[in-house]
Each structure stands twice: as C-alpha cells, then as structure tokens.
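1. Sequence plus predicted model, see below.
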Amino acid sequence: MQSLFFWLVVRPMVLVVIGLNVRHRERLPSGREGGGAPAIVVANHNSHLDTVVLMTLMPSRLLHRVRPVAAADYFLRNRVLAWFARAIMGIIPIERRGREPGADPLAAVSQALDRGEIVILFPEGTRGEPERLAAFKSGVAHLARRHPRVPVIPIFMHGLGKTLPRGSLVPVPFFCDVFVGEALHGLEDYKAFMADLTGRMQQLAGEGTFPPWE
Amino acid sequence: MKDRLHPYVLAALAGIFGVLVVATLAVWLVGRLRPQLDLGEMRARIRSWWIMAMAFAVAMVLTRKISLVFFAFVSFLALKEYLSLIPTRRADRSVLLIAYLSIPIQYLWIGMESYGMFIVFIPVYVFLLLPMRMVLIGETAGFLRSVGTLHWGLMATVFSISHVAYLLVLPSRVNPLGGGAALVLYLVFLTQANDVAQFLWGKSLGRHPVVPTVSPNKTWEGLLGGVGTTVVLGLVLARWLTPFNLREAAAATLLIGFGGFIGDIVISALKRDLGIKDSGTLLPGHGGILDRIDSLTYTAPLFFHYTYYLHA
C-alpha cells in the first residue's frame, strides 16, 4: 500500500511538479550500512511536502523503515487522516502538549531507533512561516544523547514552502533544493549538541543562493 | 507513426547521433592520450547531450501529439526553472498557476493549427490577464516588478519555444520535401551546433570579448568562427531539410548564428543580475535547462517568421 502510493503518486509528482536538486545524497542512509542501521534525519520544516520528499530521497527498499515523527494533535484529529498518517506515511505520533506529568514524550521514537528504524524529525516543531528557519527545540538533543551511536543527519530544504505553504491546497511548481549535511552524534552536553546542529544547518543554508519570496 | 517521416529527417536524426559518437570517441581518445587533463565536466556534458538527443529523437519519431507534448514539457521545465530563480511574491501564487496553465493552452492552439490564437494568446490575452488577476488580489508592493518579470519569462520560455512546435504543424506546401519535422531538425541542430562551435572557436582562439560586462568568455573570435561554421553547415543541410535556395539559406543561417549568440548573452545577463552561475542542475555539465535553450529563445521565433514569411 505504502510503496504503491509512493511509486504511483509521490515519486512522479516529486519528479515532474517539483524537481529536486539534491546535494550530497551519499550522506543519507543507503541501506548498505549493514542490517537495520538506525538514523535520525533532522530537517527544517516549511510544508507538508517536506516529509514525502525526505521519504523519496532514500532507496525505496528502506521506505518501510522510515518513520516521520509527527504531532498527534494534528495528524490524528480525524479517522481518515489518522489512517493515512499511520498506514501510508508510517508516522510516529507524539503529543506536543497536554502530556501526563513525567511521561516521556520521545519513548516511541526511542523504541523505533532500537528497532533499527530511520526517524525523521523537524526540530522547529511546526511548519511555521514558510522559508524562514525558526529556533530548534531541544528534543532531538535528548534523543541523540540517549542513542549516542545513532548518526544524526541534518538536511536543509528550500522551495517546498513556496510550492505548498501552510494554508494552501494547490501546489505551485518550483524547483527545490535539498542539501544533506554530514552526520553528527549525540553528546552529554545537549546545549553543545544543539549549537553544533544549528551551526551545521545554517552552513547548509549558506550553500545556496535563494531568491527572495515574501 | 505519424504522416511518415521523410527519409531525410531520419537521416538527419541519425547524423546527430553520428556527431555524438564522434564527440564521445574524441573525448575518450583525449583522455587516453593526456590522462593528466580533467575531463569530468566534458564527459558529463556529452552524457547529457546523449540523453537530450535521445529524448528529442523519440519525441520526433513518435506521433505529432507526442512531439507537441515534448515541447510543452520543455517550456514547463524552463518556466519552472525561471520562476525558481527570480524573486516572487507569496501573494502571486494563483497568478503563477495561471502562467503555468498558459502552457497547455498555448500548445493546444498549435495542435489545433490555429495560427491566429497561437500568435496572440500570450502577447495579448495572457498579457492582459496576469495584471488583472494581480490587482484583484490587491498586493501593490512589488507589482510592476512581479508582472514584468512574469510576462518576460512567459514570452521567453513559452511563447518563443512554442515556435519550434508550430513548425511541425505548418502545411506541407511550406516544405514539400521533409515537412515541418525537417525544419525543426534544421533549426534545433543548427542552434545547438552554433553554441558548440562558438564555444570551441572561442576556447581555441578567443581574445577580444564582445560584451565583457555580461559574459567575458564570449569573444569576437568565437562569435565569428561559430557563425561561419553554422553558415557552412546550414548551407550544406538546406538542400535536404528546407525549401530554401542558397541565398535564402545563407540569410537563415546568419539569423540562427547571430540570434543564437544574442539569446545566449540575454540569459547570461539575467543570471549575472541574479548573481548565479548556472540556471539549474537539471543537465550535468550544462547547468539548467535555460542554459541549454537560451539561444533557442531567439532563434526559434526568428527562424519561424523568416520561413513563414518566405514560404507559407
């Protein structure tokens, strides 16, 4: 079901309507790292298209192991969307607010990594203003600290927020840039990790020249 | 199969692949003889040429509809690349959609052989429609820049390029021998050969830049050597692919040679203004699609109207 949807709908649309310029694709998991190597893919978030595009970047045989982390309050708000989010996109739902005190919001993500899955995280927490990089939330640092041997791969994307920004239903074609950064690993000092991650993200953003869009 | 391609057209297509075989062998040989040279860029460029030539050949050999869809798709990629390069306004999303929508409509007129609509649709109706849609949205900051850049892009990537496609539907009396397909091959082959010839002449002899502020690598030596090569090639090929006599063919090839040069530097000026080197990454070794069809944005309408005036 999932791979059918990706082959028939997502991949043709990404190829024709969007058109990607991917730099350093070799830094992404290729499935050749040995059986079930987990990874944390971290990207900036501008559009619903971000997740599907990230899922098409990796070889299709890895698709069933790629798990986007997504807000339960948004994606599980009705049954149709919840079915799509779980069955097709394979999301790991997490609670953004209103958790039981003491509950671990990232427990499900940790379990996925233990199973050798590739987790996609958007540390901005929301799509926010399209094509503007917001401050990262530190959840990813705690997750990486818990799994110090799992590589954290930063990805900067530009253009998808123009193609389909928040609040729009019809995509307008633009070529989109996807710059994959070098992997980093979790540290005991989570502030140092966040500074490193943010720095790499800004460096990736600096690799391209992007026309203004306002 | 469509109205059966003339053997000359098939021979010309085969000739294009012959040229590519020679180029591929030449680069291979240079790589063997002088291994210290870095030919990676050259190899990527030739590999892209193979892919483009194959896509073009398949589109030409199959039905006329498929040929038109192919050129519409080229326009789409070029417009998408252009809109991805220039500053755009979020408020204009629906205006951009209309601009994209004008592509299938423009090529539909061609499929219907409606010359009148083909020639006025974008310069008149789309020209009137885009600003209307923009003012109804109501965002005036950046209005002039937005409407100006958008329409210029449509003229270059859709209106100009669609002239190649209209050659395909010209009545057979225009070119009794090979038909419209032969004219398309003549135009596209000479335009691309002109680019390559200007590049090679410029590389080997280039000294005096023509427009140093726009493109310091474009030299008088490259320009004149390239145009000379194009004229010779065009005079030889005209017998089989066009209805031109020698004098007409000479003028047509000069039009392609100098027109191609101008198209090239116009896109160079655009890139320089935007502060970028290549228009995209679609064609490794070449850059983007605009880098490849820049000359065609000038040669296609010039060659089309020249042919139309003389023989239609």
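-> In hand now; what should we look at?
2. Would you mark the buried spots in the lengthiest helix in chain A?
-> Looking across chain A with DSSP state H, the single longest helix is helix A:190-205. Neighbour counts over helix A:190-205 (16 or more other C-beta atoms under 10 Å in any protein chain shown) mark A:190, A:193, A:194, A:196, A:197, A:200, A:201, A:204, A:205 as buried. Any C-beta I mention is one placed from the backbone N, CA and C, and that applies to glycine too.
3. Please identify which of those residues is nearest to residue B:12.
-> Taking C-beta to C-beta as the measure, residue B:12 lies nearest residue A:204 of the buried residues of helix A:190-205, at 46.3 Å.
4. Contacts only, for the closest one.
-> Counting by C-beta atoms under 8 Å, 6 or more residues apart in numbering or on different chains, residue A:204 touches A:154, A:155, A:156, A:179, A:180, A:181.
5. How many neighbouring residues does residue B:170 have?
-> Residues contacting residue B:170 under the criterion other C-beta atoms under 10 Å in any protein chain shown number 20.
6. So it sits against residue B:243, correct?
-> No: if you go by C-beta atoms under 8 Å, residue B:170 and residue B:243 don't touch, sitting 10.4 Å apart.
7. Does anything pack onto the longest helix along chain B? Which helices or strands?
-> Secondary structure assigned by DSSP H gives helix B:246-274 as the longest helix of chain B. Applying 3 or more C-beta pairs under 8 Å, 6 or more residues apart in numbering or on different chains; DSSP states H and E, we find helix B:246-274 packed against helix B:64-85, helix B:179-205, helix B:220-241, helix B:296-311.
8. Of all those helices, which one is nearest residue A:139?
-> Of the helices and strands packed on helix B:246-274, nearest to residue A:139 by C-beta to C-beta is helix B:64-85, at 32.6 Å.
9. helices and strands around the closest one, which ones?
-> Checking 3+ C-beta pairs under 8 Å, 6+ apart, helix B:64-85 ends up next to helix B:40-61, helix B:93-111, helix B:143-154, helix B:161-169, helix B:246-274, helix B:289-293.
10. can I get these in TSV with distance to residue B:207, mean pLDDT and mean neighbour count?
-> Converted to TSV, these look like this (distance: least, C-beta to C-beta, whole Å; pLDDT from 0 to 100; neighbours: other C-beta atoms under 10 Å in any protein chain shown):
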stretch	distance to residue B:207	mean pLDDT	mean neighbour count
helix B:40-61	23	93	16
helix B:93-111	42	97	19
helix B:143-154	33	96	18
helix B:161-169	34	97	24
helix B:246-274	17	96	19
helix B:289-293	24	95	24
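11. want to throw the ones you listed into JSON lines with distance to residue A:40?
-> Below are these laid out as JSON lines (distance: least, C-beta to C-beta, whole Å):
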{"stretch": "helix B:40-61", "distance to residue A:40": "33"}
{"stretch": "helix B:93-111", "distance to residue A:40": "33"}
{"stretch": "helix B:143-154", "distance to residue A:40": "40"}
{"stretch": "helix B:161-169", "distance to residue A:40": "44"}
{"stretch": "helix B:246-274", "distance to residue A:40": "35"}
{"stretch": "helix B:289-293", "distance to residue A:40": "36"}
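12. Against residue B:25, how distant is the residue nearest to residue B:45 when sequence neighbours are not counted?
-> Nearest residue to residue B:45, sequence neighbours excluded (C-beta to C-beta, 6 or more residues apart in numbering or on different chains): residue B:285, at 3.0 Å. Computed as C-beta to C-beta, to the nearest Å, the residue B:285 to residue B:25 distance reads 17 Å.
13. Which one's more surrounded, the two?
-> Shown here are residue B:285 and residue B:25; by other C-beta under 10 Å, residue B:285 has more neighbours (15 against 10).
14. Next, residue A:42: secondary structure please.
-> Classification of residue A:42 using DSSP: H, G, I helix; E, B strand; the rest coil returns strand.
15. Pretty sure it sits against residue A:140.
-> Yes: shown here, residue A:42 and residue A:140 form a contact pair, counting by C-beta under 8 Å, at 5.8 Å.
16. what touches both of these two?
-> Common contact partners of residue A:42 and residue A:140 (C-beta under 8 Å, 6+ apart): A:121, A:123, A:152, A:197.
17. what sits against the last one?
-> The neighbours of residue A:197, taking C-beta under 8 Å, 6+ apart as the test, are A:42, A:123, A:136, A:140, A:141, A:152, A:154, A:184.
18. now the third one
-> Shown here is residue A:152, whose contacts under the criterion C-beta under 8 Å, 6+ apart are A:39, A:40, A:42, A:140, A:144, A:183, A:184, A:185, A:186, A:197.
19. By neighbours, which of the contacts of residue A:204 wins?
-> residue A:154 (26 neighbours).
20. what's the closest non-adjacent residue to it?
-> residue A:181 (4.0 Å).
21. and the gap between the one you found and residue B:27?
-> 34 Å.
22. for residue B:229, same thing?
-> When distance is defined by C-beta to C-beta, residue B:229 is 19 Å away from residue B:27.
23. same check, this time on residue B:152
-> Relative to residue B:27, residue B:152 is positioned 37 Å away (C-beta to C-beta).
24. one step back: where does confidence bottom out across the shared contacts of residue A:42 and residue A:140?
-> pLDDT across these is at its lowest for residue A:123, which sits at 91.
25. So that one is in contact with residue A:42, correct?
-> Yes: counting by C-beta under 8 Å, residue A:123 touches residue A:42, with 6.0 Å between them.
26. anything in contact with each of the two?
-> Any residue near both residue A:123 and residue A:42 by C-beta under 8 Å, 6+ apart counts here, and that gives A:140, A:197.
27. element containing residue A:179?
-> Taking DSSP states H and E as the criterion, residue A:179 maps to strand A:176-180.
28. And that strand, what does it pack against?
-> When contacts are defined as 3+ C-beta pairs under 8 Å, 6+ apart, strand A:176-180 packs onto strand A:20-23, helix A:49-57, strand A:152-158, helix A:190-205.
29. Identify the residues contacting the next helix or strand after the third one?
-> Towards the C-terminus, the helix or strand next in line after strand A:152-158, according to DSSP H and E, is helix A:160-163. When contacts are defined by C-beta under 8 Å, 6+ apart, helix A:160-163 is touched by residues A:17-18, A:46-47, A:49-50, A:53, A:127, A:130-131, A:171-174, A:176, A:213, B:88, B:90.
30. Helices - which of these land there?
-> Using DSSP H, those in helices are A:49, A:50, A:53.
31. now stretch B:213-221: how far from the chain's centre is it?
-> Offset of stretch B:213-221 from its chain centre (C-alpha atoms, centre = their mean, to the nearest Å): 20 Å.
32. How about residues contacting that stretch?
-> Contacts of stretch B:213-221 (C-beta under 8 Å, 6+ apart): B:198, B:201-202, B:205-211, B:261, B:264-265, B:268-269, B:272.
33. Up against chain B, what does chain A have?
-> Contact residues, chain A versus chain B (C-beta under 8 Å from any C-beta of the partner chain): A:19, A:21, A:130, A:159, A:162, A:165, A:168, A:170, A:172-175, A:209, A:211-214.
34. from those residues, which ones fall inside strands?
-> Under the assignment DSSP state E, the residues of chain A next to chain B contribute residue A:21 to strands.
35. filter the residues of chain A next to chain B to the buried ones?
-> With burial judged by 16+ other C-beta under 10 Å, the buried subset of those is A:19, A:21, A:130, A:159, A:162, A:165, A:168, A:172, A:173, A:174, A:175, A:213.
36. Can you tell me which of those is closest to residue B:132?
-> Closest to residue B:132, out of all of these and judged by C-beta to C-beta, is residue A:172, at 18.6 Å.
37. I figured residue A:155 was touching residue A:43, is that so?
-> Yes: Residue A:155 lies in contact with residue A:43 (C-beta under 8 Å); the separation is 4.2 Å.
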